[in-house]
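Chemist: Structure here, sequence nowhere to be found:
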């Protein structure tokens with residue numbers, strides 16, 4: 001494992017090109033969790049060097065790695081969330097790349113699993129998903145995540161009486177309304193419009 005020590009030393013000193021050379025030799029070494037760590041390190045180094053598409057490939061591999069872990073290696077909820085984080089990074093890095101649509105399908109599946117219990121605690125992920133799928137040309141999926149996230153934000157804003165959060169929630173509902181309208185779901189758009197209006201009256 002001397003290569004790992006050398007890789008980490010190079011990365012710690014900001015020599016990302018040298019670190020990449022060492023990390024690239026370690027992708028088949030160690031446990032499943034060790035390999036995920038190597039994939040993440042390769043992604044980090046590529047990102048530091050401005051090679052986002054290469055980084056996106058390794059972020060995707062890290063996400064896939066989390067998904068195939070067994071229960072004895074990591075509890076299901078944790079590995080699903082960590083996979084979501086890696087896929088979010090992957091689709092960011094792969095903007096404009098031909099592989100983006102395929103990776104976006106995998107990202108959508110991981111999102112669906114994470115949101116199966118509701119959007120609470122997933123505000124940033126939900127808002128990012130809404131914006132991402134809207135930009136990708138999938139307003140129906142965008143509407144789902146904007147609306148579901150706005151619902152969770154609305155409850156939190158009511159509990160905390162946070163004016164800033166309420167303003168962000170109104171905007172999320174409006175984005176949900178716009179996306180639902182584009183997706184041909186006037187029923188969802190109408191509910192989102194009413195929720196945004198009701199919140200505006202509180203301000």
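Modeler: In hand now; what should we look at? Quick caveat, the model's predicted, so the values are computed rather than measured.
Chemist: Now the worst-scoring helix or strand of the chain on mean pLDDT: buried residues?
Modeler: Across the helices and strands of the chain, mean pLDDT, DSSP states H and E gives its lowest value to helix 2-12, namely a mean of 91. Neighbour counts over helix 2-12 (16 or more other C-beta atoms under 10 Å) mark 4, 6-7, 10-11 as buried. Backbone N, C-alpha and C define where each C-beta goes, glycine included.
Chemist: domain parsing for the protein?
Modeler: 1-117, 119-203 (automatic domain parsing).
Chemist: could you dump the buried residues of helix 2-12 to TSV with distance to residue 44?
Modeler: Output for the buried residues of helix 2-12, formatted as TSV (distance: C-beta to C-beta, whole Å):
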residue	distance to residue 44
4	14
6	16
7	11
10	12
11	7
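Chemist: Could you list every helix and strand in contact with the helix ranked longest in the chain?
Modeler: For the chain, the longest helix by residue count, based on DSSP state H, is helix 139-160. Counting contacts by 3 or more C-beta pairs under 8 Å, 6 or more residues apart in numbering; DSSP states H and E, helix 139-160 is packed against helix 123-136, helix 163-182, helix 186-202.
Chemist: The last one - contacts with which helices or strands?
Modeler: Packed against helix 186-202 by the contact rule (3+ C-beta pairs under 8 Å, 6+ apart) you find helix 139-160, helix 163-182.
Chemist: just the shortest one next, same as before
Modeler: Contact partners of helix 123-136 among helices and strands, from 3+ C-beta pairs under 8 Å, 6+ apart: helix 76-93, helix 100-114, helix 139-160, helix 163-182.
Chemist: change it to 6 Å
Modeler: Applying 3 or more C-beta pairs under 6 Å, 6 or more residues apart in numbering; DSSP states H and E, we find helix 123-136 packed against helix 139-160.
Chemist: buried sites along the helix it packs on?
Modeler: 139, 141-154, 156-157.
Chemist: Quick one: mean pLDDT over stretch 132-147.
Modeler: Averaged across stretch 132-147, the pLDDT comes to 97.
Chemist: what sits up against that stretch?
Modeler: Residues from elsewhere that reach stretch 132-147 (C-beta atoms under 6 Å, 6 or more residues apart in numbering): 104, 126, 129-130, 172, 175-176, 179-180, 182-183, 188, 192.
Chemist: can you check stretch 179-186 too?
Modeler: 134, 139-140, 142-143, 146, 188-189.
Chemist: Then stretch 156-165?
Modeler: Looking at what lies outside stretch 156-165 - C-beta under 6 Å, 6+ apart - the contacts are 166, 169.
Chemist: ok, now with 10 Å
Modeler: 120-121, 123, 150, 153-154, 166-170, 199, 202-203 (C-beta atoms under 10 Å, 6 or more residues apart in numbering).
Chemist: Tell me the one among those nearest to residue 53.
Modeler: Using C-beta to C-beta, the shortest approach to residue 53 within the contacts of stretch 156-165 belongs to residue 123, at 28.4 Å.
Chemist: OK, contacts around the closest one?
Modeler: Neighbours of residue 123 in contact, by C-beta under 10 Å, 6+ apart: 149-150, 152-153, 156, 165, 168-169, 172.
Chemist: Thanks again, I'm all set now.
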